[in-house]
Structure formats: C-alpha cells, structure tokens
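*Asks:* Dropping the sequence and predicted coords here.
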Amino acid sequence: MVQASVIGCGNMGGALVRGLSRTGNHSVVAYDVDPDALDAVSGHCSETTTDIAVATEPEIVFVAVKPDLVADVVTELDLSPEQTLLSIAAGVPTTALEARTDATVVRLMPNLAAESGTMAAAVAGAEISDDVASLLEDLGVFVEIDEAQMDVATAVNGSGPAFVFYLLNAMKWAGVESGLRPEDATVLAAQTFKGAAETVLQSDESIEELIDAVCSPKGTTIAGMEVLRDSSVEATIGEAVAAAENRSKELAPDYDDE
Ligand SMILES: NC(=O)C1=CN([C@@H]2O[C@H](COP(=O)(O)OP(=O)(O)OC[C@H]3O[C@@H](n4cnc5c(N)ncnc54)[C@H](OP(=O)(O)O)[C@@H]3O)[C@@H](O)[C@H]2O)C=CC1
Ligand SMILES: O=C(O)[C@@H]1CCC=N1
C-alpha cells in the first residue's frame, strides 16, 4: 500500500483522490482550503484534513492547485528528499518547483478519467519510482516524455477529454435530431467512442486501416466519411490542440528566470 496525499481537491484533484482510492490499494489523504471540496471527496479517501502538516506526511504528494498558485503552495510545503512531489499544473516547469522543495519533483499531466481508472497521462522530470508507477497504473495509463513535449501533451491528453466530450455531444445530438431518444443517443455515442478507442489500443492495424474496415463498399460509412474528408474538421481539431498547447506555453514565462 502506497501512502499518498492530494493537495487541492477540485475537479482534477478530486478525480485523483477518487481514482486512487477506488482500488483500495492505497492510503489517500485529501487536503483543500475549500471545505466543500473536501466534503465532495470525504467518502472516497482515507482521511480529509485542513492541516497541511498531515497532508505532507505521505511519501507521495500530488499538488493539484491552479498553475498561478502552485509555486507559492509548494514553497510552503515542508517536504524531504525522500518524498516525491507530483505537480499537475499546466505550463509550470519542473525546474521552478525543484527550486522550491527538497522533494523529488515529477511533472504529471493527468486527465479527468483518473476517477474511473482510465486516465491517459504524460510524465516528465525525475525517474519514476515503483511506488509512483503503482499509483499511476491504478489511475490508468502513463507515458514518459521529454519535458519539452509537456505543452502538447497537456493539449492532447489533459484538455483532450473536453474536446472528445464536444465531439461525442455533436454525434449524440445528430442522432437526437433524427429521432433517437437523448438517453439512447448518449449511450450509443459514448459507447461508440469508448469501443473505437479500445479498438485502436488493441488492434495492430493503423487508424486509416480501421476506418477502411468500417467502410463497406458502397455502404453508409463511405457516404459519411466523404463529408468528413471534404470538410475542415481535421484542421479545426489541429487548431484546437495548437491553441491549448500555446496556452500551456503562455503559462510558463512567469517561471523562466528560475
Ligand atoms: N481540470 C482538469 O481536467 C485538469 C487540470 N489540471 C491541472 O490541475 C490543477 C487544478 O485544476 P482544476 O482541478 O481544474 O481546478 P479547481 O479550481 O477545480 O481545483 C483547485 C482546488 O484547489 C483549491 N485550492 C486553492 N488554493 C489552495 C491551497 N492553497 N491549498 C490547497 N487547495 C487550494 C481550490 O479551492 P478554491 O476553489 O476555494 O480556490 C480548488 O478546490 C491545475 O493546475 C490544472 O492545470 C491538469 C489536468 C487536467
Ligand atoms: O484547462 C486547463 O488549463 C487544465 C489543464 C489541462 C486540462 N485542464
């Protein structure tokens, strides 16, 4: 059992708390300055606390506050070199946090699916210990990348769920417009995204080959794919990823002189 804490239990920190506690494999302490945020996770962790000394006891400390607060929060934490600090703040470089703590610093870009154990995460910074790997594997899947790639990873897998929700919603409402009940359209669209994602992860075929496999000759899918290929959807998705990546880069300059 790994001892961990989460400092900042809002949308993402709360998902981490619930995801880490889900398996029962770990002891998780939740800390926040907002009592409502702590209430929301109180049934999903070993302990909630408003005492920062308690939150900094575990060997692994996740800091899940907003990027503009993370440097000040980390400065206030009394952590030792034996501890690992995982920062999930978009745009905030590892070096800025290493200058403010004695703990080993790992930069993590998780996503909201941590709550259900299906997170896609990118990590950079210090080498990943077995205990950190054990926590991340219970939350989902992680890849180790160069820190220079963190801004684009933030766009693809950190912001990515919002982009996918948007596309899924468009598919759902197209179904509703043509007569499906909203609850049925939600299930059909969501399960289709889930199944398509699982197929990509499990298949040896390329995504283009998988598209071809759905396209029966002279069938329905070809008719729809022609519309997509003639549209600017692919370029627009690229622009959305680039905008999120650029925003992540914009968050960094405050720390450039560290
Ligand atoms: N949302 C997401 O899907 C993802 C977010 N992230 C990163 O996660 C971080 C948090 O984002 P998000 O969860 O969306 O933000 P939220 O605002 O939902 O959560 C932040 C929480 O931290 C609390 N907080 C503020 N100050 C402190 C403090 N000094 N000590 C402890 N807790 C504090 C906030 O309380 P209060 O509301 O009272 O200020 C709030 O409950 C950001 O750095 C973001 O870049 C990364 C990946 C995905
Ligand atoms: O929107 C944000 O800034 C955070 C980081 C990635 C996802 N949410």
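*Replies:* Arrived safely, thanks for sending. Ligands and ions are numbered 1, 2, ... in the order given.
*Asks:* Name the nearest residue to the residue in the stretch 151-258 of the chain that ligand 2 sits nearest to, sequence neighbours excluded.
*Replies:* Nearest residue of the stretch 151-258 of the chain to ligand 2 (C-beta to the nearest ligand atom) works out as Gly158 at 3.2 Å. Every residue, glycine included, has its C-beta placed from N, CA and C. In this structure, Gly158 finds its nearest non-sequential neighbour in Met109, 4.6 Å apart by C-beta to C-beta, 6 or more residues apart in numbering.
*Asks:* so the one you found makes contact with Ile88?
*Replies:* Yes. If you go by C-beta atoms under 8 Å, Met109 and Ile88 touch, sitting 6.6 Å apart.
*Asks:* before we move on, the earlier item: state the number of residues packed around the residue nearest to Gly158.
*Replies:* Neighbours of Met109 under the rule other C-beta atoms under 10 Å: 28.
*Asks:* which strand residues sit across from it in the sheet?
*Replies:* Legend: beta-bridge partners of Met109 under DSSP bridges are Ala122.
*Asks:* Who are the contact partners of it?
*Replies:* Residues in contact with Met109, defined by C-beta atoms under 8 Å, 6 or more residues apart in numbering, are Ile88, Ala90, Ala121, Ala122, Val123, Met150, Ala153, Thr154, Asn157, Gly158.
*Asks:* Next to ligand 1 in this structure, residues from this structure, please.
*Replies:* By C-beta under 6 Å from any ligand atom, the part of the chain that sits against ligand 1 consists of 7-13, 31-34, 37, 64-67, 69, 73, 88-90, 109-112, 158.
*Asks:* so after the strand or helix carrying Val227, what's the next helix or strand?
*Replies:* Following DSSP states H and E, one finds Val227 within helix 220-230. Remark: after helix 220-230, the chain's next helix or strand is helix 233-250, criterion DSSP H and E.
*Asks:* Name the residues of that next one that come out as buried.
*Replies:* Ala240, Val241, Ala244, Glu245, Ser248 (16 or more other C-beta atoms under 10 Å).
*Asks:* just stretch 77-94 next, same as before
*Replies:* Within stretch 77-94, the residues that qualify as buried by neighbour count (16+ other C-beta under 10 Å) are 77, 79, 83-94.
*Asks:* Could you chop the chain up by domain?
*Replies:* 2-145, 160-248 (automatic domain parsing).
*Asks:* ok so, going back, could the buried residues of stretch 77-94 be laid out in CSV, adding distance to Ser134 and pLDDT?
*Replies:* Shown next, in CSV, are the buried residues of stretch 77-94 (distance: C-beta to C-beta, whole Å; pLDDT from 0 to 100):
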residue, distance to Ser134, pLDDT
Leu77, 22, 98
Leu79, 20, 98
Gln83, 16, 98
Thr84, 12, 98
Leu85, 17, 98
Leu86, 13, 98
Ser87, 19, 98
Ile88, 18, 98
Ala89, 23, 97
Ala90, 25, 97
Gly91, 27, 96
Val92, 25, 96
Pro93, 26, 95
Thr94, 21, 96
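*Asks:* Now render the buried residues of helix 233-250 as a markdown table, adding pLDDT.
*Replies:* Shown next, in a markdown table, are those (pLDDT from 0 to 100):
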| residue | pLDDT |
| --- | --- |
| Ala240 | 98 |
| Val241 | 98 |
| Ala244 | 98 |
| Glu245 | 98 |
| Ser248 | 96 |
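*Asks:* Report the contact partners of the one residue in the stretch 101-250 of the chain that gets nearest to ligand 1.
*Replies:* Across the stretch 101-250 of the chain, the shortest distance to ligand 1 (C-beta to the nearest ligand atom) belongs to Gly158, at 4.1 Å. Counting by C-beta under 8 Å, 6+ apart, Gly158 touches Ala90, Met109, Pro110, Asn111, Ala244.
*Asks:* Right, I'll call it a day here.
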